[in-house]
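Predicted model and sequence follow; I will ask about them next.
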Number of protein chains: 2
Amino acid sequence: MSDHTTAPTLVRDLLGSCPAPFNGYDRVLLGHGSGGRLSHDLITGVFLPALRNAVLERLEDQATCAVPGFADHRLALTTDSFVVRPIFFPGGDIGRLAVHGTINDLAVGGARPLFLTAAFILEEGLSLDDLRRVVGSMKAAADEAGVVIVAGDTKVVDRGKGDQIFITTTAVGLVPAGRALSAGNARPGDRVIVSGTIGDHGMAIMSVREGLEFETTLESDTAALHELTEAMLQASDGIRAMRDPTRGGVSSALNEIAIASNVGVELIETTIPVREPVRGACEILGLDPLYVANEGKLVAIVAAAAADVVVAAMREHPLGRQASIIGEITSEHPRTVVLRSVAGGARVVPMLAGEQLPRIC
Amino acid sequence: MSDHTTAPTLVRDLLGSCPAPFNGYDRVLLGHGSGGRLSHDLITGVFLPALRNAVLERLEDQATCAVPGFADHRLALTTDSFVVRPIFFPGGDIGRLAVHGTINDLAVGGARPLFLTAAFILEEGLSLDDLRRVVGSMKAAADEAGVVIVAGDTKVVDRGKGDQIFITTTAVGLVPAGRALSAGNARPGDRVIVSGTIGDHGMAIMSVREGLEFETTLESDTAALHELTEAMLQASDGIRAMRDPTRGGVSSALNEIAIASNVGVELIETTIPVREPVRGACEILGLDPLYVANEGKLVAIVAAAAADVVVAAMREHPLGRQASIIGEITSEHPRTVVLRSVAGGARVVPMLAGEQLPRIC
């Protein structure tokens, strides 16, 4: 991330132009789907007040529930709708994404995924060949990940009332006894680890949409992370929290952790891995890689003493080869993420306010 | 159902005009969402071949999975997307429907629902008041049913790429040891029971859409059936199979059972309960109540000796007051549903081919 002159401006613009939560607007905005502050507003302003219960209020990426009679394991549940546009993109498609994304939400909670369900909302006129291709790649992704798609549903909406194909996947898994990862567990001194380069998925989608040509094709990093997380959890019991930084990127994931744990996060810009073509594409489009979606990466908060062991374990796994410590948790500036730049300056990295990249997943 | 002169014609027209499965069309049609034969084609022609596994192939309304270490209970899973239009209708709204519909798919498998997840695809511009109303009614429906909504997701699509709100709910429940209901279990001599009047939901939706005025408002029957099914299962171990006849109506549910069990179904028209205003609306629109969606009814296949006990237990429950035996399973005409009419004639009631009532749920 050599040059952020445009990105902070973009973020400030979004912050500046964005009305206060539910103050001045009474309709859903595209930004409500961003994974950033407006999404947060929608969750805390509409869904949580209405659906309030102890499990949902934890606001983790997955729910874990004790099931009567099921001894010491906990059931883990997560659901995600996928509306990415275009449905085929370099490195994947909406089907692979739907399988990986939902597995990953379980994995970052320390759960072992077992079963998936898949519900399809098809637009009248969708080509059956495209549908076959998407469903085939879901099957391949599920097989690779060792999970079984056990239930499904299909609805069709009239032409112009959908957009080719939307997929909602729900995953069920088990959390072994004794595991209790949570975004609320971060403590000052903990290290922030990222599993590899950031921004690949979002920029792959954007480069297709914007028709950008690069020497290297930008490819989505879409991948199932549950084997990587299992290797990490086997290697150390010093892992406090993990998140997969999808919509809203690494910055939103870390802001959520900072808020949930009431701590500050300090990132060192030079340690954050970004592929050169992604960096280039971000500069052209005026985007900050910290806000760009990833679909095969995780951030972990790990006790300082365990950080090197965890990074070493991650680098043994194909999806963690470029794992790096990119910062640490601090008691300074609680609930705020700060980036120390190459030049030595520091800037706040707020939660994305509105929509930077609509329909990225 | 006094007069079916129009309905069979409609069905024949649909059958006649409809190309053979994937022979002559290569795009998704609205009818692929009907719950009838085209839906069946899509499932058997695209989804099953691609996703093939032992659980999915059972084609039940819910998947039940043995979970390692979880003793004798089986986990039950089901998922459904809801795209009903309009989102508010007499007797309910898309939120209540999404909770009830998914609970019911578990209930008819003998599972006790525990947890729900809810994923929202919102169209840019949806009124937040409408969203609040829908989410509030989901909460009320979940509370009434004693289930907890434990995880959620929200995506926003650009204006004109969705239609206000689509909701995908997934339910997790437990099937007690020893219960093994299946559409494949029906045997000649078994009785066919329906829990109450048919066609109420579909005709409530249609009357709003078509602007029909009746002396009585047609109301959706949307309701959670898991307490009724539990009462039935407690009353007798003679229950072979249950289905909730939603899209495609009672006829599609019974055709599925006839096919899965390789038996015939014989219905006695005079015994099938239909509310007068529903009958009237069906006649005006040329629809057959047997093909109209229900959202708070079930059909059960029950051993002859147990049928009276089961009906009596159903009538004790508010949702089963009008439970009736409407026919029986026969070894004659396997894989075919036949209706004996008031006049004494008999006609085949085939699976609905295309789309009779799009976006009914």
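Cool, the structure landed. Numbers count the residues shown, from 1 in each chain, chains lettered A, B, ... in the order given.

can you pull out the helices in chain A?
Secondary structure of chain A, counting by DSSP state H: helices at A:6-17, A:37-42, A:48-51, A:94-107, A:128-145, A:200-210, A:226-235, A:249-261, A:276-285, A:307-315.

Just name the most buried of those helices.
Of all those, helix A:94-107 has the most neighbours on average by mean count of other C-beta atoms under 10 Å in any protein chain shown, namely a mean of 29. To be clear about C-beta, it is placed using only N, CA and C from the backbone, and glycine gets the same treatment.

Now it: average pLDDT?
Summarised as a single mean, pLDDT over helix A:94-107 is 97.

For chain B, see how far away residue A:297 is.
19 Å (C-beta to the nearest C-beta, to the nearest Å).

what about that residue, distance to residue A:76?
20 Å (C-beta to C-beta, to the nearest Å).

So for the residue of the stretch 201-350 of chain A found nearest chain B, what's the pLDDT?
Ranked by C-beta to the nearest C-beta, the top residue of the stretch 201-350 of chain A for proximity to chain B is residue A:247, at 8.8 Å. On the pLDDT scale, residue A:247 is placed at 89.

Let me see the contact set for the spatially closest residue to it that is not a sequence neighbour.
The shortest distance from residue A:247 to any non-neighbouring residue, by C-beta to C-beta, 6 or more residues apart in numbering or on different chains, is to residue A:35 (2.7 Å). Neighbouring residues of residue A:35 by C-beta atoms under 8 Å, 6 or more residues apart in numbering or on different chains: A:246-248, A:252, A:293, A:352.

what about whichever residue of the stretch 151-300 of chain A sits closest to chain B, neighbour count?
Ranked by C-beta to the nearest C-beta, the top residue of the stretch 151-300 of chain A for proximity to chain B is residue A:156, at 3.0 Å. Residue A:156 sits with 28 neighbouring residues when counted by other C-beta atoms under 10 Å in any protein chain shown.

roughly how far apart are the spatially closest residue to it that is not a sequence neighbour and residue B:352?
Excluding the flanking residues, the one nearest residue A:156 by C-beta to C-beta, 6+ apart is residue B:33, at 3.0 Å. From residue B:33 over to residue B:352 the distance is 12 Å, taken as C-beta to C-beta.

Same check on residue A:293?
Applying C-beta to C-beta to residue A:293 and residue B:352 gives a distance of 41 Å.

Equivalent analysis for residue A:100, please.
36 Å.

what do you get for residue A:26?
For residue A:26, the distance to residue B:352 - C-beta to C-beta - is 40 Å.

Counting neighbours around each, name which of those two comes out higher.
The neighbour count for residue A:26 versus residue B:352, taken as other C-beta under 10 Å, is higher for residue B:352 (30 against 10).

before we move on, the earlier item: more crowded one of residue A:297 and residue A:76?
Ranked by neighbour count (other C-beta under 10 Å), residue A:297 and residue A:76 place residue A:297 first, with 31 against 28.

Look at that one and report its pLDDT.
Note for residue A:297: predicted pLDDT of 98.

ok, now residue A:28?
So, for residue A:28, pLDDT stands at 87.

What does the nearest residue to it once chain neighbours are set aside show for phi and psi?
In space, and not counting its chain neighbours, residue A:28 is closest to residue B:126: 4.2 Å by C-beta to C-beta, 6+ apart. Residue B:126 adopts backbone torsions of phi -60, psi 140, taken as degrees, to the nearest 10.

residues touching residue B:126, list them.
Contacts of residue B:126 by C-beta under 8 Å, 6+ apart are A:27-28, B:164-165.

Distance to residue B:44 added to these, as CSV?
Converted to CSV, the contacts of residue B:126 look like this (distance: C-beta to C-beta, whole Å):
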residue, distance to residue B:44
A:27, 41
A:28, 37
B:164, 31
B:165, 30
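
quick one: which of the residues you listed is most hemmed in?
residue A:28 (27 neighbours).

shaky segments in the stretch 1-150 of chain A?
Applying pLDDT under 70 to the stretch 1-150 of chain A flags the ranges A:1-24, A:67-71.

residue contacts, the residue nearest the centre of chain A?
Nearest to the geometric centre of chain A sits residue A:246, at 2.3 Å (C-alpha atoms, centre = their mean). Taking C-beta under 8 Å, 6+ apart, we find residue A:246 in contact with A:35, A:101, A:104, A:201, A:293-295, A:360-361.

Farthest-apart pair in those residues, please.
By the measure C-beta to C-beta, A:104 and A:360 form the most distant pair in the contacts of residue A:246, at 14.7 Å.

Enumerate the beta-bridge partners assigned to the closest residue in space to residue A:73 that isn't next to it in sequence.
Among residues not flanking residue A:73 along the chain, residue A:174 sits closest, at 4.8 Å (C-beta to C-beta, 6+ apart). Each beta-bridge partner of residue A:174 is listed here: residue A:75, residue A:112, as defined by DSSP bridges.

Report whether the expected contact of residue A:174 with residue A:75 is present.
Yes - between residue A:174 and residue A:75 there is a contact under C-beta atoms under 8 Å: 6.6 Å.

returning to that earlier point: quick check, nearest of the contacts of residue B:126 to residue A:266?
Nearest to residue A:266 among these is residue A:28, at 34.8 Å by C-beta to C-beta.

Quick check, that closest one in contact with residue B:130.
No - using C-beta under 8 Å, residue A:28 and residue B:130 do not qualify as a contacting pair, with a distance of 9.2 Å.

Walk me through the domains of chain A.
A:1-52, A:60-176, A:183-348 (automatic domain parsing).

Can you give me the distance of the closest residue to residue A:331 other than its chain neighbours to residue A:334?
Residue nearest to residue A:331 in three dimensions, not counting chain neighbours: residue A:188, with 4.2 Å by C-beta to C-beta, 6+ apart. Residue A:188 is 10 Å from residue A:334, where distance means C-beta to C-beta.

Next, show the common contact partners of the two.
With C-beta under 8 Å, 6+ apart, residue A:188 and residue A:334 have common neighbours residue A:263.
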